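Colleague: A structural model of the following input is requested.
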Amino acid sequence: MTADKRNMQVLIADDDRVLNLMLASVFRKNGWTVTSAFDAMQAVMSAMRGLPTAIVMDIHMPGGTGVEALKKLKASSKTAHIPVLVLSGSVDAAEAASVIELGAAEFLSKPAEPEDVLAAVVRLAEA
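Modeller: A predicted model of the protein is given here:
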């Protein structure tokens, strides 16, 4: 990665605690600072406070949907610039197109390999 990893921060927003911890572990091993959120409201609040380099967000979470969180993040001048990788168990092409239209930088279907999520986030952070 060409970017300075000491300043690279990722927010992982997924209510699946096992997946959240697994992704966090992979990012930390690669020098990222990680913040975890387990519902949509917590994700928005964490992003507003921490201003991460990138966000990995599930669409189907408690506390509001990931779609609602994505709308809030993209509507705020504070967080609109942060690339969001949407990670979803849905393989619905219409849902994927919808979140891209709302401002997500990329869409990956679950199950996704943690290394693939990391590679996608690195690509987005360097763009």
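Colleague: please count neighbours and contacts with C-alpha atoms only from this point.
Modeller: OK.
Colleague: how about residues contacting the helix or strand harbouring residue 56?
Modeller: With secondary structure defined by DSSP states H and E, residue 56 is part of strand 54-58. Strand 54-58 is contacted by residues 9-15, 66, 82-88, 121, 124-125 when judged by C-alpha atoms under 8 Å, 6 or more residues apart in numbering.
Colleague: among those, which lie within helices?
Modeller: 66, 121, 124, 125 (DSSP state H).
Colleague: so residue 34 sits in a strand?
Modeller: Yes. Residue 34 sits within a strand when classified using DSSP: H, G, I helix; E, B strand; the rest coil.
Colleague: can you pull the contacts of it?
Modeller: Taking C-alpha under 8 Å, 6+ apart as the criterion, residue 34 is in contact with 9, 10, 11, 12, 24, 27, 28.
Colleague: contact partners for the third one?
Modeller: So the one you mean is residue 11. 34, 35, 36, 37, 43, 46, 47, 52, 54, 55, 56.
Colleague: rerun that using 10 Å as the cut-off
Modeller: For residue 11, the contacting residues are 20, 24, 33-37, 43-44, 46-47, 50-57, 84, by C-alpha atoms under 10 Å, 6 or more residues apart in numbering.
Colleague: dump stretch 67-85 to PDB, restricted to CA.
Modeller: Output of stretch 67-85 as PDB, limited to C-alpha atoms (Å, rounded to 0.1, in the frame of the first residue of the first chain):
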ATOM      1  CA  VAL A  67     -29.100   2.300   3.600                       C
ATOM      2  CA  GLU A  68     -30.300   4.900   6.100                       C
ATOM      3  CA  ALA A  69     -26.800   5.200   7.600                       C
ATOM      4  CA  LEU A  70     -25.300   5.500   4.100                       C
ATOM      5  CA  LYS A  71     -27.700   8.300   3.300                       C
ATOM      6  CA  LYS A  72     -26.800  10.200   6.500                       C
ATOM      7  CA  LEU A  73     -23.100   9.800   5.900                       C
ATOM      8  CA  LYS A  74     -23.300  11.000   2.300                       C
ATOM      9  CA  ALA A  75     -25.600  13.900   3.300                       C
ATOM     10  CA  SER A  76     -23.100  15.300   5.900                       C
ATOM     11  CA  SER A  77     -20.300  17.500   4.700                       C
ATOM     12  CA  LYS A  78     -18.200  16.000   7.500                       C
ATOM     13  CA  THR A  79     -18.400  12.400   6.200                       C
ATOM     14  CA  ALA A  80     -19.500  12.600   2.500                       C
ATOM     15  CA  HIS A  81     -15.900  12.200   1.300                       C
ATOM     16  CA  ILE A  82     -15.300   8.900   3.100                       C
ATOM     17  CA  PRO A  83     -15.500   5.900   0.800                       C
ATOM     18  CA  VAL A  84     -18.000   3.300   1.900                       C
ATOM     19  CA  LEU A  85     -17.700  -0.400   1.000                       C
END
